[in-house]
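Trainee: Below are the sequence and a predicted model for it; my questions follow.
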Amino acid sequence: MGRSHNSSRRLPSAFVVGLDPEGHWIAVETHGRGGGFFASREAALRYATFETGHRPHAVRVSRQPVRFKWSGLAS
């Protein structure tokens, strides 16, 4: 028997940490599944590292401004 492909299987989460255009530290999941605003770079990195299960190379720090997208939220 062949393997079946599970289309609902999620890609491993990865995060980008950086400053938004207003100077707030944020962590954004690269597939749009989560993120947040943080008081410091260390807090954003700690959150992203925890959320990715401490996987190597799953968290990247951006030198460019990072934007948090509010998609899927009711107005």
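Mentor: Okay, I see it.

Trainee: which residues in this protein form strands?
Mentor: 15-19, 25-29, 35-38, 59-61 (DSSP state E).

Trainee: I'd like the mean pLDDT over the second one, please.
Mentor: For strand 25-29, mean pLDDT rounds to 96.

Trainee: Check the shortest one too.
Mentor: Averaging pLDDT along strand 59-61 gives 97.

Trainee: which residues are contacting it?
Mentor: 14-18, 27, 41, 45, 48-49, 52 (Cβ atoms under 8 Å, 6 or more residues apart in numbering). C-betas here are computed from N, CA, C, even on glycine.

Trainee: before we move on, the earlier item: and the strands of the chain as TSV, adding mean neighbour count and distance to residue 69?
Mentor: As requested, the strands of the chain are arranged in TSV below (neighbours: other Cβ atoms under 10 Å; distance: least, Cβ to Cβ, whole Å):
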stretch	mean neighbour count	distance to residue 69
strand 15-19	20	12
strand 25-29	22	8
strand 35-38	17	9
strand 59-61	17	17
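
Trainee: what sits against the nearest residue to residue 63 once chain neighbours are set aside?
Mentor: Closest residue in space to residue 63, ignoring its immediate chain neighbours: residue 18 at 7.4 Å, by Cβ to Cβ, 6 or more residues apart in numbering. By Cβ under 8 Å, 6+ apart, residue 18 lies in contact with 25-26, 61-66.

Trainee: which residues does residue 18 bridge with?
Mentor: Beta-bridge partners recorded for residue 18 (DSSP bridges): residue 26.
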